[in-house]
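Asks: Give the three-dimensional model of this entry:
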Amino acid sequence: MQIEKKDIRALTKEQLRNFFVSNGDKAFRGNQVYEWLWQKRAHTFEDMTNLSKETRTMLEANFVINHIKVDTLQRSEDGTVKNAVRLHDDLIVESVLIPTETRTTACVSSQVGCSLDCNFCATARLKRMRNLEPGEIYDQVAAIDNESRLYYDRPLSNIVFMGMGEPLMNYPNVMKAIDMITSTEGLGMSPKRITVSTSGIPKMIKKMADDEVKFKLAVSLHSAVEEIRNEIMPFTKNFPLTDLRESLEYWYRKTKSKITYEYVVWKGINDDKKSIDALVKFCKYVPCKVNLIEYNPIDDGMFQQASEEATNAYITALEKNNIVAKVRRSRGKDIDAACGQLANKS
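Replies: As a prediction, the model looks like this:
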């Protein structure tokens, strides 16, 4: 019976050092392998050229590197790049490179499919197959960094967790991935350039605050009217707006970090005065800004982009109350890139 090999990237540096010591080698060999895995982004043990053939063979006998593979790459007319990412078990997730004149942003996935049931979201129609491992999240970012350098001659500047899945339902792995992305032993990116977007899970928002995370928080709100929110995002019946508000107030008290509300305005759903007034009121609880996102329809059903007048009415009401609001135009329409609704994160 063949024993399934463990992904070597699940090991800490200390565990790698211990592995080599227990196999009669020097501890520093673990440091070398760790550097190859994360900083040098090795895909195979053969890539680790400063290790002896015997050492590489031993690693091959004991471990695998479950690296992602960019299966299909599509480039939009507006410069957006969509990756269909194949995982080691042949499952597929999406990641996206979103360029502007001054920056390049990676939109990455955290789950295969999604645990939640937002009616307007294409990913929600796929059942959650599994959580992504920290290395698989890291690989998406590393791949987009390479693409940013190749196509735009500059390194990746920002990361948003707005792809497939609910990041807070894969919290441990997302946190480990961010630790490596921000580590000098990994990609060395500033946590201030990372935004984790959640549909609003109060308990986990409080946990992030307690963990003193340094990245930014975005909440996919879409309605501050309880009945409407419950209709478009049925899982929120378990997380009422009062609980969400309390968790966001807690977050701000602990982190002093402003919150971004992601908000799509749909025709006949939340394009009325009641919805506008409710959002303005909700925004006053905690310092925030609002991104009004242009919607990519996933079919001819109930969710259709609202009129420009309705969007402008939101902008006018928010700005009148000194709340920063911007309209984010959809990106990559010609390549059907649905990642995080592909809002322009400039």
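Asks: And what about K26, helix, strand or coil?
Replies: Classification of K26 by DSSP: H, G, I helix; E, B strand; the rest coil places it in coil.
Asks: Near it, how many other residues are there?
Replies: Residues within reach of K26, counting by other Cβ atoms under 10 Å, total 11. C-beta coordinates here come from the backbone N, C-alpha and C atoms, glycine included.
Asks: Now for it: which residues touch it?
Replies: F20 (Cβ atoms under 8 Å, 6 or more residues apart in numbering).
Asks: any idea of the mean pLDDT for stretch 220-239?
Replies: Mean per-residue pLDDT for stretch 220-239: 91.
Asks: quick one: low-confidence ranges for the protein?
Replies: Low-confidence segments of the chain (pLDDT under 70): 1-3, 116-117, 119-128, 297-300, 330-346.
Asks: Quick one: the strands in it, in order.
Replies: Shown for the chain, the strands assigned by DSSP state E span residues 6-7, 63-64, 69-75, 81-86, 92-99, 104-107, 111-112, 130-131, 158-161, 194-198, 216-220, 259-264, 288-293, 324-328.
Asks: out of these, nearest to F19?
Replies: strand 63-64 (9.0 Å; Cβ to Cβ).
Asks: And the closest one, what does it pack against?
Replies: strand 6-7 (3 or more Cβ pairs under 8 Å, 6 or more residues apart in numbering; DSSP states H and E).
Asks: which residues are contacting the strand it packs on?
Replies: Counting by Cβ under 8 Å, 6+ apart, 62-66, 133, 135 sit against strand 6-7.
Asks: from the residues you listed, which would you call buried?
Replies: 63-66, 133, 135 (16 or more other Cβ atoms under 10 Å).
Asks: Now the two most distant members of the residues you listed.
Replies: Between all members of those, the farthest pair (by Cβ to Cβ) comes out as F63 and E133, at 13.7 Å.
Asks: can you tell me which helix in this structure is longest?
Replies: The longest helix of the chain (DSSP state H) is helix 134-152.
Asks: got the angle between that helix and strand 69-75?
Replies: Using axes from the mean of the first three to the mean of the last three Cα atoms, to 10 degrees, the inter-axis angle of helix 134-152 relative to strand 69-75 is 40 degrees.
Asks: coming back round to it: farthest-separated two in the contacts of strand 6-7?
Replies: Maximum distance among those (Cβ to Cβ): 17.9 Å, for N62 and E133.
Asks: Now for L156: which residues touch it?
Replies: 97, 104-106, 141, 144-145, 148, 189.
Asks: Name the nearest residue to it, ignoring sequence neighbours.
Replies: D145 (4.1 Å; Cβ to Cβ, 6 or more residues apart in numbering).
Asks: State the distance from the one you found to E185.
Replies: Separation of D145 from E185 (Cβ to Cβ, to the nearest Å): 15 Å.
Asks: Have a look at these two and say which one is more surrounded.
Replies: Set D145 next to E185 and count neighbours by other Cβ under 10 Å: D145 wins out with 22 against 14.
Asks: burial measure for E226, as a count.
Replies: 14.
Asks: leaving aside the residues next to it on the chain, what's closest to it?
Replies: Computed as Cβ to Cβ, 6+ apart, the closest residue to E226 that is not its neighbour in sequence is L241, at 5.6 Å.
Asks: What distance do you get for the one you found to W266?
Replies: L241 sits 18 Å away from W266, going by Cβ to Cβ.
Asks: same check, this time on R193
Replies: For R193 relative to W266 (Cβ to Cβ), the value is 30 Å.
Asks: for P99, same thing?
Replies: 28 Å.
Asks: same deal with P155?
Replies: Here P155 is placed at a distance of 37 Å from W266 (Cβ to Cβ).
Asks: So which of these two has more stuff around it?
Replies: Each of P155 and W266 has its neighbours counted (other Cβ under 10 Å); W266 has more, 21 against 13.
Asks: hang on, isn't the more buried one packed against G301?
Replies: No. W266 is not in contact with G301 according to Cβ atoms under 8 Å; the separation is 10.6 Å.
Asks: Can you measure across stretch 15-33, start residue to end residue?
Replies: Using Cα to Cα, to the nearest Å, the end-to-end distance of stretch 15-33 comes to 11 Å.
Asks: Quick check, central residue of the protein?
Replies: Of all residues in the chain, the one closest to the mean position by Cα atoms, centre = their mean is F161, 1.3 Å from it.
Asks: list the contacts for that residue?
Replies: Residues near F161 by Cβ under 8 Å, 6+ apart: 108, 110, 167, 174, 194-197.
Asks: next one: Y261
Replies: Contacts for Y261 (Cβ under 8 Å, 6+ apart) come out as 218-219, 221, 279, 282-283, 288-291.
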